[in-house]
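In: here is my input, please return the structure:
(one chain, ligands or ions: 1)
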Amino acid sequence: MTTERLYYNDSYTLEFEAQVSERTTHKDRPALVLDRTYFYPEGGGQPADQGVINGVKVVDVQTRPDDRAVLHILEKPLNDPQVEGQINKARRFDLMQHHSGQHVLSKALEVAAKAATLSVHMSPESMTIDVNRADITAEEWAAVEELANQVVLQDLPVRAWFPEPAELAILPVRKMPDVAGKVRIVDVGGFDITACGGTHVARSGEIGTVKVIKADRRGDTTRLEFRCGVRALRDYREKNAIINRLSAEMTVGYWELIEAVNRIQSENKSLRSELKSAKSQLAEAEAASLIAGAGESRIVVCAFEDRSADEVRALVTQITAAPGMVALLGAVGDKAQVIMGRAEDVPLDVVPLLKSTLKTLGSERGGGRPNFAQGGGIPATLNALESALATAADEARRLLGR
Ligand SMILES: [Zn+2]
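Out: Now for the predicted structure:
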C-alpha cells in the first residue's frame, strides 16, 4: 500500500499521527509503512529524515521501488496499530535551507557564470554541486554569490506544487526529470523554477547566507562546496577563530597573513641553505681535527652520540677524501649505525671489517663496496660500539701493517 506524502505540501509540520498499514523489514531491520507520513525518504540527492515513531528511533527512511511505499526503518520492532511520529527538527531544517539554497545557487550559476548543474550531493557534513565548467573566474564566483544572496534578501515566496500538464508545458523549468506520472515543481519566487521532490523553506530569506567555500576542478567540470544558514555561520566562526589566532601569533593584521607566511617561507629557505653550508664547514673542521688526531696510523675510530647516520656518513666522506685515511665510525642509538670507509689509495676492503663489527653487535644487516660500507639498525650503547670499533681498528692496523 502506498503512503500519502504529507511533506509535499507542508515541510514545517514535524509531529503527526498515522495508522500502520504494514509491518515489514528492510535489510533485516524492522520497518513500518504508514497510511500517511511527514518523514522524507532519501531521494533526489536529499538525505532521509531522522526522528522517532512512538519513541522508537527512525534510523532511515526509504521508498520501496515496486509500489513507492515509504519505509520507516526502526531501531527495534513496534507493534502499535496507531503511531505518533516526530521528525528531528534541526536536521530537517538544515537540509531544507541547503536544498532551497542549492536551487538558488544552481540558477545563479547559470545566470552569472553560464555553468549548468550536472549533479548535486547533500549530506549533513557536506553539500556539493558539480557544474559543466572548469574555468570559472574569481569575478564570476563573486557574481554568483552576490546574485544568490540577493535572492535570499528579497525574501521571495517558495512554492511547491504538482501542475497540470497544460500548466507544466508553459513553465520555464530549469531541469526536467525523466519520470513518468506527475511532476512536482519548486518555484523560488520566479527566480528559479525546477522539478524537485524535496523539502523546501517557505521563503528564500530562511535560506540565510549562501557561501561557496571551495571549488575543485575535475577535468571539464567543477565541484563546488557550499554552506547555507546556520552551517555557513558555523563555518565563518571556525575560520574566523583560526584567522584571529594566526594573526595574534604572527602579530599582524589578518589581511597581512599571506605576506607574513610568504616571508616566513622565504626566511626558512635561506636559513636552511645557511644551515647546510654551516654544517658542511663544521664537518670539514671536524674531519680535519679527527685526521690530525689519528696520527701515524691514519685510522680514525669514533662512536658518536646524538648524530644522525647522514651526518656520520658525511664525516666518513670528508675524512677519506684525504690520502691514506681510514674511517671507522658509528652512531649510537636504538638503531645504531656503523659506517666505514677508506681513501682510494688504501689497499683495504672495508666490507669484511664492517661484517665482523656488525656480527659483534648482533646485526647482519649491512654491506657496501671495498671503499665504503654501512650497516646496523640494532640497539647499541656507546661502550658496545666503541669496543666493537676498537676491534675493527686493530684488525685494520694488522692488515695494513700500520
Ligand atoms: Zn531539488
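In: show me this protein divided up by domain.
Out: 4-87, 92-232, 281-400 (automatic domain parsing).
In: so how far is the shortest one off the chain centroid?
Out: Its chain's C-alpha centre lies 34 Å from the corresponding centre of domain 4-87 when counted by Cα atoms, centre = their mean, to the nearest Å.
In: now the end-to-end length of it.
Out: 16 Å (Cα to Cα, to the nearest Å).
In: can you check the last one too?
Out: Counting by Cα to Cα, you get 31 Å between the two ends of domain 281-400.
In: returning to what we had before: format the domains of the chain as CSV; extra columns: mean neighbour count and distance to the ion.
Out: Backbone N, C-alpha and C define where each C-beta goes, glycine included. Output for these, formatted as CSV (neighbours: other Cβ atoms under 10 Å; distance: least, Cβ to the ion, whole Å):
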stretch, mean neighbour count, distance to the ion
domain 4-87, 17, 6
domain 92-232, 18, 3
domain 281-400, 18, 59
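In: nearest to Ile242 among those would be which one?
Out: Proximity to Ile242 (Cβ to Cβ) singles out domain 92-232 among the domains of the chain, at 13.4 Å.
In: how long is the closest one from one end to the other?
Out: Start-to-end, domain 92-232 (Cα to Cα) is 16 Å.
In: and for stretch 369-384?
Out: 25 Å.
In: distance between that stretch and the chain's centre?
Out: With Cα atoms, centre = their mean as the basis, the mean position of stretch 369-384 lies at 41 Å from the chain mean.
In: now what about it, what contacts it?
Out: Contact with stretch 369-384 is made by 303, 305, 309, 313, 316, 320, 330-344, 348-351, 353-355, 358, 361-363, 365-368, 388, as judged by Cβ atoms under 8 Å, 6 or more residues apart in numbering.
In: how close does Ile319 sit to Ile185?
Out: 83 Å (Cβ to Cβ, to the nearest Å).
In: and Thr357, by the same measure?
Out: 83 Å.
In: same question for Lys239.
Out: For Lys239, the distance to Ile185 - Cβ to Cβ - is 37 Å.
In: what of Ile213?
Out: Per Cβ to Cβ, Ile213 is found 29 Å from Ile185.
In: quick one: contacts for the closest residue to Arg36 other than its chain neighbours?
Out: The shortest distance from Arg36 to any non-neighbouring residue, by Cβ to Cβ, 6 or more residues apart in numbering, is to Glu4 (4.1 Å). By Cβ under 8 Å, 6+ apart, the contact set of Glu4 is Asp35, Arg36, Thr37.
In: residue contacts, the first one?
Out: Read it as Asp35. With Cβ under 8 Å, 6+ apart, Asp35 has these contacts: Met1, Thr3, Glu4, Ala18, Gln19, Ser21.
In: what does the second one give?
Out: The neighbours of Arg36, taking Cβ under 8 Å, 6+ apart as the test, are Thr3, Glu4, Leu6, Phe16, Ala18, Gln19.
In: and the longest helix belonging to the chain, average pLDDT?
Out: The residue-count maximum for a helix in the chain (DSSP state H) belongs to helix 257-294. Summarised as a single mean, pLDDT over helix 257-294 is 93.
In: same check, this time on stretch 229-247
Out: For stretch 229-247, mean pLDDT rounds to 96.
In: kindly report the same for stretch 305-323.
Out: In the prediction, stretch 305-323 has an average pLDDT of 92.
In: after the strand ranked longest in the chain, next one along is what?
Out: Determined from DSSP state E, the single longest strand within the chain is strand 15-26. Next along the chain after strand 15-26, taking DSSP states H and E as the criterion, comes strand 29-34.
In: which residue lies farthest from the center of this protein?
Out: Largest separation from the mean C-alpha position in the chain: Gly401, at 63.1 Å (Cα atoms, centre = their mean).
In: show me where the chain has helices.
Out: Under DSSP H, the chain gives helices at 89-113, 138-153, 165-170, 229-250, 257-294, 309-319, 350-361, 382-400.
In: closest one to Asp66 among the ones you listed?
Out: Using Cβ to Cβ, the helices of the chain put helix 165-170 closest to Asp66, at 25.7 Å.
In: please export the C-alpha coordinates of the closest one as CSV.
Out: Extracted in CSV, the C-alpha atoms of helix 165-170 (Å, rounded to 0.1, in the frame of the first residue of the first chain):
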residue,chain,number,x,y,z
PRO,A,165,0.2,19.1,-17.9
ALA,A,166,-1.1,22.2,-19.6
GLU,A,167,0.5,24.5,-17.0
LEU,A,168,3.7,22.4,-16.9
ALA,A,169,4.1,22.8,-20.6
ILE,A,170,4.5,26.5,-20.4
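In: can you list the neighbours in contact with that helix?
Out: With Cβ under 8 Å, 6+ apart as the test, helix 165-170 has contacts from Val183, Ile185.
In: now pLDDT and distance to Glu110 too, for the contacts of Asp35, in a markdown table please.
Out: What follows is the contacts of Asp35, written out as a markdown table (pLDDT from 0 to 100; distance: Cβ to Cβ, whole Å):
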| residue | pLDDT | distance to Glu110 |
| --- | --- | --- |
| Met1 | 61 | 40 |
| Thr3 | 88 | 34 |
| Glu4 | 94 | 34 |
| Ala18 | 97 | 40 |
| Gln19 | 97 | 44 |
| Ser21 | 95 | 42 |
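In: which two of those residues have the greatest separation?
Out: Farthest pair in those (Cβ to Cβ) is Met1 and Ala18. Separation: 12.2 Å.
In: ok, now which ones touch Leu32?
Out: Shown in contact with Leu32 (Cβ under 8 Å, 6+ apart): Val20, Glu22, Arg23, Thr24, Ile53, Leu71, His72, Leu74, Leu78, Val83.
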